[in-house]
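Enquirer: I would like the atomic coordinates for the input below:
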Amino acid sequence: MQKNEIQRFAIPIVLFAGILWSFGPYVVRQIDDAASVPWQYLFTRGTVIFLILNCYLFFTEGIQFYKNYLRIGLSGLLGGIGLGTAMITFIWSITNTSAAITLLCLAAMPFITALLGFLFLKEQISFGVWMSIVVASIGVAIMAFGSVSLGSFTGLLFGLASAVGFSIFSVTLRWKKNTPKFTTVAIAGLFCVVVSLFILNSNNLNIISTSKNESLFALHGTLVCLGLILYSIGSKFIPAADLTLLSLTEVVGGIFWVWLPILGINEIPSANTIIGGFLILMAILYYSLLIKQNRRFIGLN
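Expert: The predicted structure is shown next:
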């Protein structure tokens, strides 16, 4: 596909990436007793992510792709650990609360990233962005008040921890913009593998789950990688503000698939989740309008 053709189809490509990611919660809901096999899930998913991304780098960059690991630096290591932590806390979140709460916590990531950028990179935050952060925080607080059970509230906290991990990944990329980004994601997958192996061996647990679960673990890892590759192709031609809006495809789609009765789960968000989620989505829309003047292009490569 030529460059002008890619530019023409950039928005559909990124939208499709978001749709692929949106099936993640639905796939997790199909896992048998997911709460009892989080480390097996993380081991297989991390392995798949590491292998697929390295194969992609090999086919796009040739045998010299390994040199990306020599350029990873402190920012890449911190970003990989942050992203790996986000992957770990994601599964703990979604197995303890609704998919809607987990996804809406992740939707607040732009604001957490802005705060971390302000604290560690001295990036300025405008008054309008501060207002968006406040509105999104109110939305999260409303969801927290609706999480009456201990398990559901714990799931919300893990969802916020996952958003922080993703934000750390984003901030490290902005700290050192020449950090090889796909290699950082591969390191995140490897981090999940190492941590999972340590936990599984320490507790004398089986590394492999059932064949059905293993297939679902691998499917989720594949969806993540395919979405990342498509996102990397299209994001180079789309401003950051538009990417923020397009990312809502993952959130809205993820909530829709686990609700759609015909798919067999029928997970209906609570009133507090709907109200809090509405505030978070409105904050994101306002945030995107505020940064519309910024024509930054943030291709992931």
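Enquirer: Do you have the helices of the stretch 151-300 of the chain handy? List them.
Expert: For the stretch 151-300 of the chain, applying DSSP state H, counting those that start in this stretch gives helices covering 181-202, 211-235, 240-246, 248-259, 271-290.
Enquirer: Lowest average pLDDT across these?
Expert: With a mean of 69, helix 240-246 has the lowest mean pLDDT of the helices of the stretch 151-300 of the chain.
Enquirer: Spatially central residue in this structure, please.
Expert: Compute the mean C-alpha point of the chain, and by CA atoms, centre = their mean the closest residue is Phe166, 6.2 Å away.
Enquirer: now the nearest residue to that residue once chain neighbours are set aside: how far from Gly159?
Expert: Nearest non-adjacent residue to Phe166, counting by CB to CB, 6 or more residues apart in numbering: Ala86, 4.5 Å away. To be clear about C-beta, it is placed using only N, CA and C from the backbone, and glycine gets the same treatment. Going from Ala86 to Gly159 by CB to CB, to the nearest Å gives 10 Å.
Enquirer: In terms of neighbours, single out the busier of those two.
Expert: Gly159 (28 against 23; other CB atoms under 10 Å).
Enquirer: Test my guess that Gly254 contacts Val27.
Expert: No: counting by CB atoms under 8 Å, Gly254 does not reach Val27; the two are 10.2 Å apart.
Enquirer: count of residues packed around Asn201?
Expert: Asn201 has 11 neighbouring residues, counting by other CB under 10 Å.
Enquirer: ok, now Thr97?
Expert: Around Thr97 there are 24 residues (other CB under 10 Å).
Enquirer: ditto for Leu226
Expert: Using other CB under 10 Å, Leu226 has 16 neighbouring residues.
Enquirer: Can you tell me, leaving aside adjacent residues, what's nearest to it?
Expert: Spatial nearest neighbour of Leu226, excluding adjacent residues (CB to CB, 6+ apart): Leu20 at 5.7 Å.
Enquirer: For the one you found, grab the count of nearby residues.
Expert: 22.
Enquirer: Which pLDDT value belongs to it?
Expert: Leu20 carries a pLDDT value of 93.
Enquirer: How is it assigned, secondary-structure-wise?
Expert: Using DSSP: H, G, I helix; E, B strand; the rest coil, the structure places Leu20 in helix.
Enquirer: which ones are touching it?
Expert: 223, 226-227, 230 (CB atoms under 8 Å, 6 or more residues apart in numbering).
Enquirer: Specify which member of those residues is nearest to Gln124.
Expert: Ranked by distance to Gln124 (CB to CB), these are led by Gly227 at 31.3 Å.
Enquirer: Count residues in the vicinity of Leu119, would you?
Expert: 10.
Enquirer: what does the helix or strand in which it is found rub up against?
Expert: Per DSSP states H and E: Leu119 is located in helix 109-120. Under the criterion CB under 8 Å, 6+ apart, residues 123-125, 129, 132-133, 136-137, 163-164, 166-168, 170-171, 174-175, 244, 283-284, 287 lie in contact with helix 109-120.
Enquirer: so Phe217 sits right up against Gln40, yeah?
Expert: Yes: counting by CB under 8 Å, Gln40 is a contact partner of Phe217 at 7.1 Å.
Enquirer: Find the residues that touch each one of those two.
Expert: Both Phe217 and Gln40 are in contact with Ser209, where contact means CB under 8 Å, 6+ apart.
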